[in-house]
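>>> build me a model from this:
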Amino acid sequence: MRRGLYIGRFQPYHLGHQAVLQKIVEEVDEIVVGIGSAQASHTSDNPFTAGERISMIWPALQGLDVTCYVIPLEDMARNAVWVSHVAAMTPNFDLVYSNNPLVVQLFAEAGVEVRRPPMYRREVYSGTAIRRMMLAGDDGWKRLVPWSVVSVIEEIRGLERLRNVSMGDQE
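The predicted model follows:
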């Protein structure tokens, strides 16, 4: 049995992430989805909490034909010990999937096999671009994410939160 680790901030989780996971399931029996920067929320780059992101992602994973785990992972100020921190917080894994250069470097240095999954239509599926659409009032963002993401964002009034945390100081 092979277990793969896929880490992302998922701010928000989108159909590009889902497409990557659908490819990963062809290679592994179980997937650990690591919610990166779990401590971060209520900022323009990280508007959603780790718990909210788990609520967005979990229903979308149910369609995958593998066992899935969703684990929040806080950032650390010391990159040299980050891999051991991740290993301590997650079920064992055999390989890591990432395109983040720092993540690839750290796991490779630790002797963990790293695979770079193909990015799925990166020009369309980008958390940054989706947050920009949300800020601009463009409802097109709803077509770029699973229904569970739309549902959670509406439930938590995430558009209002994103607008509020993205405003500069008011005089």
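
>>> give me the below-cutoff pLDDT ranges for the protein.
For the chain, applying pLDDT under 70 flags the ranges 168-171.

>>> wait, residue 30 sits on residue 4?
Yes. If you go by CB atoms under 8 Å, residue 30 and residue 4 touch, sitting 7.5 Å apart. Every residue, glycine included, has its C-beta placed from N, CA and C.

>>> now do the strands in this protein.
3-8, 30-35, 67-72, 95-97, 113-115 (DSSP state E).

>>> now find how far off-centre the third one is within its chain.
So the one you mean is strand 67-72. 11 Å (CA atoms, centre = their mean, to the nearest Å).

>>> buried stuff in it?
Buried residues in strand 67-72, defined by neighbour count with 16 or more other CB atoms under 10 Å: 68, 70, 71, 72.

>>> run through who's touching the longest helix anywhere in the chain.
The single longest helix within the chain, with elements called by DSSP state H, is helix 50-61. Helix 50-61 is contacted by residues 10-13, 18, 21, 31, 33, 35, 38-39, 41, 48, 68, 70, 72, 145-149, 152-153, 156, 158 when judged by CB atoms under 8 Å, 6 or more residues apart in numbering.

>>> show the buried residues in the residues you listed.
The neighbour count (16+ other CB under 10 Å) marks 10-13, 18, 21, 31, 33, 35, 38, 41, 48, 68, 70, 72, 145-146, 148-149, 152-153, 156, 158 as buried among these.

>>> which residues touch residue 117?
Residue 117 neighbours (CB under 8 Å, 6+ apart): 6, 20, 23, 24, 97, 98, 99.

>>> please produce a PyMOL select command covering the buried subset of these.
Per 16+ other CB under 10 Å, the buried members of the contacts of residue 117 correspond to this PyMOL selection:
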select buried, resi 6+20+24+97+98
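
>>> closest one to residue 124 out of the contacts of residue 117, please.
residue 20 (13.6 Å; CB to CB).

>>> which residue packs closest to residue 159, ignoring adjacent ones?
residue 134 (5.7 Å; CB to CB, 6 or more residues apart in numbering).
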